[in-house]
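Novice: The sequence and its predicted three-dimensional model are supplied below.
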Amino acid sequence: MIKETIAKDSTSVVQGSVEYLSNHEVIIVPLLLLVIIYALKYFFGNNFDKKSILEFILEFPVDFGFIGITFVFTYFFLDIESTVFGRIMILFCIVLALVNSTLRRLALNQYFKDTTNSFLIGVYGIINTTLSVSFMWYILNCINIK
């Protein structure tokens, strides 16, 4: 009896996971590819050192934001009724990309100075990541509303 209950529960969990993945594959696949590409770019064949980890952490939010731009094009330009909102979002994406790139550059400049200010690097990185994640969260919520 217990084995049957466990088998049914595990089957329903697997089916629920497969259903979730199939419903959200358009979102999950690009994000997963971004993580894989970044892992290969920064860690495959390179020394696993502080510099490569820091560059990975500082550059990831910028490209994470660019994935958001692809979602905006994919979802808000397919439907004629949402193209105005899509155009506004594209302008916001461009501004966000400029801000993210500036924050990344400021953090890297701090890192390469003779007197590295770790606090400023952390502040720039946290602001950059917060902006990108918040923006992606907003886009994904807009997609679910549609």
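Specialist: Noted; the coordinates are in hand. Note that the structure is a prediction, hence the values are computed from the model and not measured.
Novice: So which residues of the protein form helices?
Specialist: 2-23, 25-43, 50-76, 83-112, 118-145 (DSSP state H).
Novice: So which residue is dead centre in the protein?
Specialist: Residue closest to the average C-alpha location in the chain (Cα atoms, centre = their mean): residue 64, at 3.4 Å.
Novice: Show the contacting residues for the residue nearest to residue 65 when sequence neighbours are not counted.
Specialist: Nearest non-adjacent residue to residue 65, counting by Cβ to Cβ, 6 or more residues apart in numbering: residue 132, 4.6 Å away. C-beta coordinates here come from the backbone N, C-alpha and C atoms, glycine included. Neighbouring residues of residue 132 by Cβ atoms under 8 Å, 6 or more residues apart in numbering: 61-62, 64-65, 68, 96, 100.
Novice: Kindly provide the distance from residue 132 to residue 119.
Specialist: 21 Å (Cβ to Cβ, to the nearest Å).
Novice: same check, this time on residue 136
Specialist: In this view, residue 136 and residue 119 are 26 Å apart by Cβ to Cβ.
Novice: Neighbour count: the two, which is higher?
Specialist: It is residue 136, of residue 136 and residue 119, that has more neighbours when counted by other Cβ atoms under 10 Å, with 18 against 9.
Novice: dump the residue contacts of that one.
Specialist: 64-65, 67-68, 71.
Novice: okay, stretch 136-146 in PDB with CA atoms only?
Specialist: Provided in PDB are the C-alpha atoms of stretch 136-146 (Å, rounded to 0.1, in the frame of the first residue of the first chain):
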ATOM      1  CA  MET A 136      13.100  39.900 -16.100                       C
ATOM      2  CA  TRP A 137      10.600  39.300 -13.300                       C
ATOM      3  CA  TYR A 138       8.400  42.100 -14.700                       C
ATOM      4  CA  ILE A 139       8.600  40.800 -18.200                       C
ATOM      5  CA  LEU A 140       7.700  37.300 -17.200                       C
ATOM      6  CA  ASN A 141       4.700  38.600 -15.200                       C
ATOM      7  CA  CYS A 142       3.600  40.500 -18.300                       C
ATOM      8  CA  ILE A 143       3.800  37.400 -20.300                       C
ATOM      9  CA  ASN A 144       1.700  35.500 -17.900                       C
ATOM     10  CA  ILE A 145      -0.900  38.200 -18.000                       C
ATOM     11  CA  LYS A 146      -1.300  38.000 -21.700                       C
END
